[in-house]
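Visitor: coords below, sequence missing:
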């Protein structure tokens, strides 16, 4: 049984549209289907669901269907495929995608459903690996791709919030040490890390590879700034401070006061303790070391700054979600990461019958 919590402290995150198509505009939902407190009701179809199962999307009149094929980065056995397929079925059920078939066979997983839902069929295979890493250094690229230093910090009147760079002012911090220990300064590992950061090319907004590395390692990574139209940013990130495995639940909700659709997170007891510790540390730093990067499936989707310890074990992701994109992200996070990461190997549109 959950104990009552203190009032929720919002974590405002604008997710890069290039990654999750969540920053293209204001939420399109009208709030129908939400409870009186702004939360969508929980689906009964999954043990860890956190979003309402919307009314099942109706297939187009012509009945067109698509088949999306997934495979592991390395060959997967039948048991591993079954585990992934089971989780994908649970995601489809939580999303209300009732006219979808998930099958594991021949070393691949196929997802068959209406062509009108093709994007959502593809997203069922998202790994869902989430992590929070402290930012050790950041450079924003100008339109000419010339590295620029991070903006100077300015006071943030919203105490108790982690806010997104580019949307709200950053918190002012004290000049103290880095947010998280990396390799020992002056060591060969530190020199190698600095070289990787210096030569990192984020001009094409390529998906980072190092951010998928060991949670105990410092890495370099690319990410968008405040949104899809913002210049790319390259990051040097410390070891993972909070792993997404400690997200106890996630749910899509239509925000109060007309703020649109959001994704609300609850951490378990370990995640709550870790999140409080890292935000306490970061809130005492100067920019950019008062930020942490939210890394989803190897991509930095946001790097909000911190002004105060966030110790209630709750966070809220916002930033122009539609109902569909908020529900998709919530289900992906709430179901937990796929046991074995998958990649789309093909999409076939079946002939009309």
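Guide: Sure thing, it's come through. Since this is a predicted model, take the numbers as computed values, not measurements. Numbering: from 1, shown residues only.

Visitor: Bridge partners for the residue lying closest to residue 237 once chain neighbours are set aside, pull those for me.
Guide: Closest residue in space to residue 237, ignoring its immediate chain neighbours: residue 133 at 4.1 Å, by CB to CB, 6 or more residues apart in numbering. Any C-beta I mention is one placed from the backbone N, CA and C, and that applies to glycine too. Assessed by DSSP bridges, residue 133 has beta-bridge partners residue 293.

Visitor: Could you verify my assumption that residue 133 touches residue 291?
Guide: No - with contact defined as CB atoms under 8 Å, residue 133 and residue 291 do not form a contacting pair (9.8 Å).

Visitor: Residue 313 is in contact with residue 272, correct?
Guide: Yes - using CB under 8 Å, residue 272 is in contact with residue 313, at 3.2 Å.

Visitor: So which of those two has more stuff around it?
Guide: Taking neighbours as other CB atoms under 10 Å, residue 272 and residue 313 compare with residue 313 leading, 24 against 20.

Visitor: For the host helix or strand of residue 118, name the packing helices and strands.
Guide: In the assignment (DSSP states H and E), residue 118 maps to helix 118-123. Packing contacts for helix 118-123, counted by 3 or more CB pairs under 8 Å, 6 or more residues apart in numbering; DSSP states H and E, involve strand 65-72, strand 108-114, helix 323-334, strand 342-349.

Visitor: burial of residue 105, as a residue count?
Guide: Residue 105 has 11 nearby residues by other CB under 10 Å.

Visitor: ok, it to residue 91 distance?
Guide: Separation of residue 105 from residue 91 (CB to CB, to the nearest Å): 19 Å.

Visitor: Could you do residue 304 as well?
Guide: For residue 304, the distance to residue 91 equals 26 Å [CB to CB].

Visitor: just the helices in this protein please.
Guide: For the chain, the helices defined by DSSP state H occupy 17-20, 78-94, 118-123, 188-199, 269-282, 323-334.

Visitor: Just tell me which of these ends up closest to residue 251.
Guide: helix 323-334 (5.4 Å; CB to CB).

Visitor: Can you mark which positions in that closest one are buried?
Guide: By 16 or more other CB atoms under 10 Å, the buried positions in helix 323-334 come out as 323-334.

Visitor: list the contacts for the residue nearest to residue 80 when sequence neighbours are not counted?
Guide: The shortest distance from residue 80 to any non-neighbouring residue, by CB to CB, 6+ apart, is to residue 340 (4.8 Å). Applying CB atoms under 8 Å, 6 or more residues apart in numbering, we find residue 340 in contact with 72, 76, 80-81, 83-84.

Visitor: State the mean pLDDT of stretch 90-104.
Guide: Across stretch 90-104, pLDDT averages out at 94.

Visitor: and it, how far apart are its ends?
Guide: End-to-end distance for stretch 90-104, by CA to CA, to the nearest Å: 14 Å.

Visitor: Could you do stretch 256-275 as well?
Guide: With CA to CA, one end of stretch 256-275 sits 25 Å from the other.

Visitor: Where does pLDDT dip in the stretch 251-353 of the chain?
Guide: Residues of the stretch 251-353 of the chain meeting the criterion pLDDT under 70: 318-320, 353.

Visitor: one more time with 80, if that's ok
Guide: Within the stretch 251-353 of the chain, the stretches with pLDDT under 80 are 255-259, 298-299, 301-302, 316-320, 352-353.

Visitor: Repeat that for the stretch 1-150 of the chain.
Guide: For the stretch 1-150 of the chain, the stretches flagged by pLDDT under 80 are 1-62, 141-150.

Visitor: which ones are touching residue 83?
Guide: Counted by CB under 8 Å, 6+ apart, residue 83 has contacts 339-340.

Visitor: Kindly report the same for residue 91.
Guide: Applying CB under 8 Å, 6+ apart to residue 91 gives the contacts 124, 331-332, 335.

Visitor: Setting aside sequence neighbours, what's the nearest residue to residue 113?
Guide: That would be residue 100: by CB to CB, 6+ apart, it lies 3.9 Å from residue 113.

Visitor: can you check residue 329 too?
Guide: What sits nearest to residue 329 in space, not counting adjacent residues and going by CB to CB, 6+ apart, is residue 263, at 5.2 Å.

Visitor: ok, back up a step: tell me both backbone torsions, phi and psi, for the residue nearest to residue 80.
Guide: Dihedral pair for residue 340: phi -130, psi 120, per degrees, to the nearest 10.

Visitor: residues in contact with the residue lying closest to residue 129 once chain neighbours are set aside?
Guide: Leaving out its chain neighbours, the residue that sits closest to residue 129 by CB to CB, 6+ apart is residue 337, at 4.6 Å. Residue 337 sits next to 127-130, 244-245 when contact means CB under 8 Å, 6+ apart.

Visitor: now the closest residue to residue 331 other than its chain neighbours: how far from residue 291?
Guide: Excluding the flanking residues, the one nearest residue 331 by CB to CB, 6+ apart is residue 94, at 4.7 Å. From residue 94 across to residue 291, the span is 32 Å (CB to CB).

Visitor: What of residue 77?
Guide: 40 Å.

Visitor: Same check on residue 121?
Guide: Distance of residue 121 to residue 291, given as CB to CB: 34 Å.

Visitor: who has more neighbours, these two?
Guide: Neighbours per residue (other CB under 10 Å) separate residue 121 from residue 291, with residue 291 holding more: 28 against 25.
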